[in-house]
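Colleague: Dropping the sequence and predicted coords here.
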Amino acid sequence: MTTPTDTASPSPDVAPARAQADEAWAAPTAGGALDATVEVPGSKSLTNRYLVLAALADGPGRLRGALRSRDTELMARALGALGTQLTSAGADGDWDVAPAPLRGPATIDCGLAGTVMRFLPAVAALATGPIAFDGDDGARVRPMAPVLTALGALGVTVTAAGEPGRLPFTIVGRGRVRGGAVDVDASGSSQFVSGLLLAAARFDQGLTVRHVGSTLPSLPHIDMTVQVLRDAGVEVDDSRPAIWRVAPGPIAARDVRVEPDLSNAGPFLAAALVAGGTVRVPGWPTVTTQPGALLPAILERMGASTRLDGDVLAVTGTGVVHGIDLDLRAAGELAPTIAALAALADSPTRLRGIAHLRGHETDRLAALAAEISRLGGQVEQTSDGLVITPRSLRAGTVRTYQDHRMATAGALLGLRVPGVLVENVATTAKTLPDFPGLWHGMLGALGRP
Ligand SMILES: O=C(O)C1=C[C@@H](OP(=O)(O)O)[C@@H](O)[C@H](O)C1
Ligand SMILES: C=C(OP(=O)(O)O)C(=O)O
């Protein structure tokens with residue numbers, strides 16, 4: 001069956017998941033060692049890159065096994081509002097994408113999705129007409145200025161509708177962007193670089209982006225951008241550190257299969273350390289740019305043994321978790337999972353290199369410190385991370401701040417600590433369509449309310 005993506009009216013898929021006190025989810029404790037296989041849906045980061053490239057491509061393309069979650073539905077809806085035709089096909093999350101001339105006027109709801117708010121301004125600049133961007137309340141405080149300043153320097157008209165350098169704003173597209181070269185401070189988010197590179201092949205002169213900030217987070221995500229561009233026939237030179245050159249030229253239409261989301265696999269794999277036993281994730285790629293590829297090595301340092309059998313990653317734990325001293329600069333989106341594990345460990349943990357998490361879905365350093373402390377843990381915020389000293393934890397409600405990874409971190413704590421409630425677990429729909437179902441499925445008969 002093929003159904004057109006409805007771009008006209010908001011659907012429950014893209015509405016923010018609202019917190020209500022009576023909705024708190026009772027995180028199940030694990031009543032024994034796990035023995036589970038968890039099918040993790042497609043990667044958010046790859047799905048949203050492939051969608052953007054498909055909309056800018058030289059013909060119709062297909063995404064197979066795409067993630068269908070709030071962030072990716074928002075991306076699809078936004079591209080649809082700009083004129084791209086998206087149809088969903090089959091039961092496997094496939095999307096057929098037919099590019100069309102990009103045009104405004106249009107309104108783009110970014111929700112809380114960094115990939116939508118940072119990847120689409122450069123695409124909007126290639127459209128004709130005014131494109132108004134806005135998002136959730138929480139999105140209005142996420143950093144945007146480096147992308148908007150860079151576009152301004154390239155001659156694109158950006159009009160602030162609120163505080164400059166934040167959502168909401170309007171891009172007045174002229175149907176083309178000159179391109180050339182631009183400096184960007186991406187110390188707040190790698191997405192500032194990715195968002196410029198993804199559209200750059202369609203700029204008249206292509207684009208050279210030079211990162212000028214003190215630190216560069218999430219380099220694997222920039223490598224992912226470079227890789228998907230190259231896979232689509234775009235010439236990218238990344239031979240100099242922190243400089244990327246995208247040559248002007250066509251973006252090839254493709255039929256691609258999306259890898260499972262390895263970062264979303266994190267809480268499930270980590271559950272094996274907390275509860276003991278084995279959790280397997282099929283579809284684990286041997287070669288990938290996803291930062292979640294770092295998980296097996298990290299989990300081993302924290303006490304797991306891991307094994308890749310074909311494409312099935314198996315993580316086995318004993319229930320004993322060790323603390324770790326870890327620079328997570330390359331993979332900040334793993335931090336909530338690692339922090340939850342750390343709170344259950346037998347020795348202290350120091351997480352470094354993740355100051356930019358203060359601009360994620362919420363200030364994740366503050367949120368993790370507050371919520372682990374609320375359960376009786378000891379967490380100190382540092383200038384670029386957290387120091388977590390394990391303490392005996394008690395029942396309580398984990399607040400989630402509209403942050404999907406705070407909710408999955410709460411679930412992980414609840415595996416060990418009886419009486420943990422997770423506020424607004426529905427917020428996990430940002431990147432996982434049915435987190436509670438998958439979690440209960442993993443536990444099976446071992447899950448105790
Ligand atoms: O490009 C991407 O798909 C992402 C880049 C990273 O952003 P930051 O560099 O802001 O951490 C990551 O945390 C986010 O979940 C997804
Ligand atoms: C930081 C994240 O998301 P976003 O793409 O909205 O930045 C995340 O998923 O951890």
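Modeller: The structure has been received and is ready for your questions. Ligands and ions are numbered 1, 2, ... in the order given.
Colleague: Which neighbouring elements make contact with whichever strand or helix holds residue 132?
Modeller: Under the criterion DSSP states H and E, the helix or strand holding residue 132 is strand 128-134. Secondary structure elements in contact with strand 128-134, counted by 3 or more CB pairs under 8 Å, 6 or more residues apart in numbering; DSSP states H and E, are strand 106-109, helix 114-125, strand 169-174. Placement of C-beta: from N, CA and C, glycine included.
Colleague: and the angle for the second one with strand 169-174?
Modeller: Going by axes from the mean of the first three to the mean of the last three CA atoms, to 10 degrees, helix 114-125 is angled at 30 degrees with respect to strand 169-174.
Colleague: how deep is the residue nearest to residue 155 when sequence neighbours are not counted tucked in, by neighbour count?
Modeller: Once flanking residues are discounted, residue 155 sits nearest to residue 178: 5.5 Å by CB to CB, 6 or more residues apart in numbering. A count of nearby residues for residue 178, using other CB atoms under 10 Å, gives 12.
Colleague: mind checking how far residue 178 is from residue 94?
Modeller: Distance of residue 178 to residue 94, given as CB to CB, to the nearest Å: 36 Å.
Colleague: Point me to the residue of the stretch 1-150 of the chain nearest ligand 2.
Modeller: Distances from the stretch 1-150 of the chain to ligand 2, computed as CB to the nearest ligand atom, single out residue 114 as the nearest residue at 2.5 Å.
Colleague: neighbours of the closest residue to that residue other than its chain neighbours, just the number please.
Modeller: Nearest-residue entry for residue 114: residue 191, 5.2 Å, with adjacent residues in sequence omitted and distances by CB to CB, 6+ apart. The criterion is other CB under 10 Å. On that basis, residue 191 has 28 neighbouring residues.
Colleague: Who are the contact partners of residue 191?
Modeller: Applying CB atoms under 8 Å, 6 or more residues apart in numbering, one finds that residue 191 lies in contact with 114-115, 118-119, 147, 218, 221.
Colleague: Return the closest of those residues with respect to residue 448.
Modeller: Checking the contacts of residue 191 against residue 448 with CB to CB, the nearest one is residue 114 at 35.7 Å.
Colleague: residues in contact with the residue of the stretch 1-150 of the chain closest to ligand 2?
Modeller: 142, 189, 191, 360.
Colleague: hmm, 7 Å instead?
Modeller: Counting by CB atoms under 7 Å, 6 or more residues apart in numbering, residue 114 makes contact with 142, 189, 191.
Colleague: can you list the residues of the stretch 201-350 of the chain near ligand 2?
Modeller: Proximity of the stretch 201-350 of the chain to ligand 2 is confined to residue 333 under the rule CB under 6 Å from any ligand atom.
Colleague: Give me the spatial nearest neighbour of the residue in the stretch 201-350 of the chain positioned nearest to ligand 2, chain neighbours excluded.
Modeller: Using CB to the nearest ligand atom, the closest approach of the stretch 201-350 of the chain to ligand 2 is made by residue 333 at 3.5 Å. Leaving aside its sequence neighbours, residue 333 sits nearest to residue 263 (CB to CB, 6+ apart; 4.9 Å).
Colleague: The one you found against residue 294, yeah?
Modeller: No. Because the distance of 9.6 Å does not satisfy CB atoms under 7 Å, residue 263 is recorded as not touching residue 294.
Colleague: isn't there a helix covering residue 148?
Modeller: Yes. When classified by DSSP: H, G, I helix; E, B strand; the rest coil, residue 148 is found to be part of a helix.
Colleague: what's the distance between it and residue 383?
Modeller: When distance is defined by CB to CB, residue 148 is 26 Å away from residue 383.
Colleague: Quick one: end-to-end length of stretch 232-246, please.
Modeller: 12 Å (CA to CA, to the nearest Å).
Colleague: model confidence over stretch 268-288, on average?
Modeller: Model confidence over stretch 268-288 averages 98 on the pLDDT scale.
Colleague: Show me the contacts of residue 114 that map onto helices.
Modeller: Secondary structure assignment by DSSP state H places residue 191 of the contacts of residue 114 in helices.
Colleague: Just name the closest of the contacts of residue 114 to residue 356, please.
Modeller: Using CB to CB, residue 189 comes nearest to residue 356 of the contacts of residue 114, at 6.1 Å.
Colleague: wouldn't the closest one be in contact with residue 144 here?
Modeller: No. The pair residue 189 and residue 144 does not pass the contact test of CB under 7 Å, sitting 9.1 Å apart.
Colleague: I'd say residue 291 and residue 332 touch.
Modeller: No. Under the criterion of CB under 7 Å, residue 291 lies out of contact with residue 332, with a separation of 8.1 Å.
Colleague: Quickly list what's touching both of those two.
Modeller: If you check residue 291 and residue 332 against CB under 7 Å, 6+ apart, the residues they both contact are residue 218.
Colleague: just to revisit the earlier point, the inter-axis angle of the strand holding residue 132 versus strand 169-174?
Modeller: With the same axes, to 10 degrees defining the directions, strand 128-134 sits at 160 degrees from strand 169-174.
Colleague: from the middle of its chain, how far away would strand 128-134 be?
Modeller: Its chain's C-alpha centre and that of strand 128-134 lie 24 Å apart, by CA atoms, centre = their mean, to the nearest Å.
Colleague: Can you tell me how far the residue in the stretch 251-400 of the chain positioned nearest to ligand 1 is from residue 225?
Modeller: Evaluated by CB to the nearest ligand atom, the stretch 251-400 of the chain has residue 333 as its residue closest to ligand 1, separated by 3.8 Å. Taken as CB to CB, the spacing of residue 333 relative to residue 225 amounts to 15 Å.
Colleague: Doesn't residue 279 lie inside a helix?
Modeller: No. Note on residue 279: no helix contains this position according to three-state DSSP, which reports strand.
Colleague: hang on, the earlier thing: of residue 189 and residue 144, who's got more company?
Modeller: residue 144 (31 against 24).
Colleague: picking that back up, between residue 263 and residue 294, which one's more packed in?
Modeller: Neighbour count, other CB under 10 Å: between residue 263 and residue 294, residue 263 has more, with 25 against 18.
Colleague: Do any residues in the helix or strand encompassing the more buried one lie close to ligand 1?
Modeller: Residue 263 is part of helix 262-275 when elements are defined by DSSP H and E. No. Helix 262-275 lies apart from ligand 1 when judged by CB under 6 Å from any ligand atom; the minimum separation is 7.0 Å.
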